[in-house]
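>>> All I have is the shape, not the residue letters:
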């Protein structure tokens, strides 16, 4: 296939230029994957699990309450059952147990007759909890993908980010680490790889929803996961797709990110993630339909709580303090703790600063979450003040923590100093203005470009939908969507025209576009290209993100 010249330049900008690398990136059957035994402590972990199976010990998989954790639990449980294990699972309540390993929960697990606990998507910072597990006679091993602190649990820990790790790709999701463990177990036992293939749909969902970089091995997982999801016979997923009106064969990474993922996450946000785990593991389609109804109800509640909290938060902030402090720290009363992360993410996107939201949970303690633009490593920032927190975990872009209310003013002052220092060293650390990856010539703006652009999917972190720059002269400018959005046409250098729409910053961009029309000037419009259909006519549309004069 002859690649569009703009697609070639785009791949080069993304560091993909060698013939073999281009072929691997565009392949429908990518091969980039690594020996699971390159992960730290994998051999010891496999030996421990296989010994437990041989000795008929009861195993419990302890997962996190988000989509990554829920799919990790389902995937590893399925594989261990196929290997003959006596296996159950435990997913903590966000409200009763909190994030990660919990000593009270471990006591309950021990009382239920469990002898080995395997964590998925959590545990790498749970030093005290691992010691508690050992003190009550539990064997325990940790599989995680989060950033370790200086102290690491004294047990078998499998995490690509461990100091000294020689694993070639560091940014697996929790479900990716669980899958590598499953791979190693299947390889060690000589069992059929069909055991793994049957769980690729769960691998794809967890990887895409967790917003890990969709490059390298994660791209392989996402591609095979999407293909599996589009043909899966898993009762829970089929029921969810049917109830949401999603057709198999038409599922993309966007479907997972914006529809499937939020519904799975909603269980842990407003109720208990065990609901989502049961859905993904049931083999009874009628039962799956009932569970799906509960999940959809959870998501509707999530939307209601989110709208309410967003209103409160937006009323609490002012642009002057954001301009001064370069971060947002809010502690609204009665905020739903399952929703604060979503709202923090929304505020971060709009204001382009780190955002932390906390809510009181009793005994003078606040539970909090943070989200940060890519220019600020939030986990490193908070870890430098670890003495202020009673719990802290996460990674560069997102963190969860608990903090005494009396320490909130100290945290605010510390962050003020930190952000001042960060911006002194890098004045552009918070600059989130979209930049064009490639500037397109008029003759390159064709349906063929859009078709080839789809070869770059699945889109996600570090493999975003292409951001292109197009020089045009705007005309026929109008509002749409009850005045909230903007549309316009643009004349290209070769005499052709293109339709543009703005769903994000219509108020800001309309004035610039109208001035350009008035002065008969051209602008560089930056955004994403796609194909739209209207009245049985196809046309190319630019979804505007930014403008350069």
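Arrived safely, thanks for sending. Because the structure is predicted, anything quoted here is derived from the model rather than measured.
>>> A strand includes residue 391, no?
Yes: the assignment for residue 391 is a strand, going by DSSP: H, G, I helix; E, B strand; the rest coil.
>>> Could you find the closest non-adjacent residue to it?
residue 402 (4.2 Å; Cβ to Cβ, 6 or more residues apart in numbering). In short, each C-beta sits where N, CA and C put it, glycine included.
>>> Residue 364 is in contact with the one you found, correct?
No: using Cβ atoms under 8 Å, residue 402 is not in contact with residue 364, being 10.9 Å away.
>>> the more surrounded of the two?
Using other Cβ atoms under 10 Å, the more surrounded residue of residue 402 and residue 364 is residue 402, with 16 against 11.
>>> Which other helices and strands does the lengthiest helix in the chain contact?
Of all segments of type helix in the chain, defined using DSSP state H, the longest is helix 285-316. Helix 285-316 sits against helix 235-244, helix 261-270, helix 274-281, helix 340-351, with contacts defined as 3 or more Cβ pairs under 8 Å, 6 or more residues apart in numbering; DSSP states H and E.
>>> what's the closest of the ones you listed to residue 219?
Closest approach to residue 219 among the helices and strands packed on helix 285-316 is made by helix 261-270 (17.7 Å; Cβ to Cβ).
>>> list the helices and strands that closest one packs on?
helix 67-82, helix 200-209, helix 274-281, helix 285-316.
>>> Kindly reformat these as JSON lines and extend each row with mean pLDDT.
Rendered in JSON lines, the data for the helices and strands packed on helix 261-270 read as follows (pLDDT from 0 to 100):
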{"stretch": "helix 67-82", "mean pLDDT": "97"}
{"stretch": "helix 200-209", "mean pLDDT": "97"}
{"stretch": "helix 274-281", "mean pLDDT": "96"}
{"stretch": "helix 285-316", "mean pLDDT": "95"}
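>>> Can you add mean neighbour count and distance to residue 153 and give the ones you listed back as JSON lines?
Converted to JSON lines, the helices and strands packed on helix 261-270 look like this (neighbours: other Cβ atoms under 10 Å; distance: least, Cβ to Cβ, whole Å):
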{"stretch": "helix 67-82", "mean neighbour count": "28", "distance to residue 153": "17"}
{"stretch": "helix 200-209", "mean neighbour count": "28", "distance to residue 153": "22"}
{"stretch": "helix 274-281", "mean neighbour count": "24", "distance to residue 153": "24"}
{"stretch": "helix 285-316", "mean neighbour count": "16", "distance to residue 153": "32"}
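>>> Could you dump those helices into TSV with distance to residue 325 added?
TSV is the format used below for the helices and strands packed on helix 261-270 (distance: least, Cβ to Cβ, whole Å):
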stretch	distance to residue 325
helix 67-82	31
helix 200-209	31
helix 274-281	37
helix 285-316	14
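>>> tell me the contacts of residue 318?
Contact analysis of residue 318 by Cβ atoms under 8 Å, 6 or more residues apart in numbering lists nothing.
>>> For residue 538, find the nearest of the helices and strands packed on helix 285-316.
helix 235-244 (27.1 Å).
>>> neighbours of the closest residue in space to residue 173 that isn't next to it in sequence, just the number please.
Distances taken as Cβ to Cβ, 6+ apart place residue 210 nearest to residue 173, at 4.2 Å, with adjacent residues excluded. When neighbours are counted by other Cβ under 10 Å, residue 210 registers 26.
>>> next one: residue 519
Neighbours around residue 519, by other Cβ under 10 Å: 8.
>>> Then residue 453?
A count of nearby residues for residue 453, using other Cβ under 10 Å, gives 21.
>>> What of residue 416?
Counted with other Cβ under 10 Å, residue 416 comes out at 15.
>>> Could you check how far it is from residue 457?
Distance, residue 416 to residue 457, by Cβ to Cβ, to the nearest Å: 41 Å.
>>> cool, residue 59 as well?
Applying Cβ to Cβ to residue 59 and residue 457 gives a distance of 37 Å.
>>> For those two, work out which one has more neighbours and name it.
A side-by-side neighbour count of residue 59 and residue 457, using other Cβ under 10 Å, places residue 59 first with 21 against 17.
>>> That one contacts residue 114, correct?
Yes: Residue 59 is within contact range of residue 114, at 7.0 Å (criterion: Cβ under 8 Å).
>>> Find the residues that touch each one of the two.
By Cβ under 8 Å, 6+ apart, residue 59 and residue 114 have these common neighbours: residue 88.
>>> What is the neighbour count of the closest residue to residue 11 other than its chain neighbours?
Among residues not flanking residue 11 along the chain, residue 22 sits closest, at 6.0 Å (Cβ to Cβ, 6+ apart). Applying other Cβ under 10 Å, we find 16 residues neighbouring residue 22.
>>> hmm, back to that, out of the helices and strands packed on helix 261-270, nearest to residue 504?
Nearest of the helices and strands packed on helix 261-270 to residue 504, taken as Cβ to Cβ: helix 285-316 at 16.5 Å.
>>> just to revisit the earlier point, mind putting the helices and strands packed on helix 285-316 into JSON lines with distance to residue 532?
Converted to JSON lines, these look like this (distance: least, Cβ to Cβ, whole Å):
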{"stretch": "helix 235-244", "distance to residue 532": "23"}
{"stretch": "helix 261-270", "distance to residue 532": "25"}
{"stretch": "helix 274-281", "distance to residue 532": "34"}
{"stretch": "helix 340-351", "distance to residue 532": "25"}
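>>> how about these, which one is nearest residue 169?
Judging those by Cβ to Cβ, what sits closest to residue 169 is helix 261-270, at 22.0 Å.
>>> any idea how far that closest one is from the chain center?
With Cα atoms, centre = their mean, to the nearest Å as the basis, helix 261-270 stands 13 Å off its chain's centre.
>>> list the buried ones in it?
Using 16 or more other Cβ atoms under 10 Å as the test for burial, helix 261-270 gives 261, 262, 263, 264, 265, 266, 267, 268, 269, 270.
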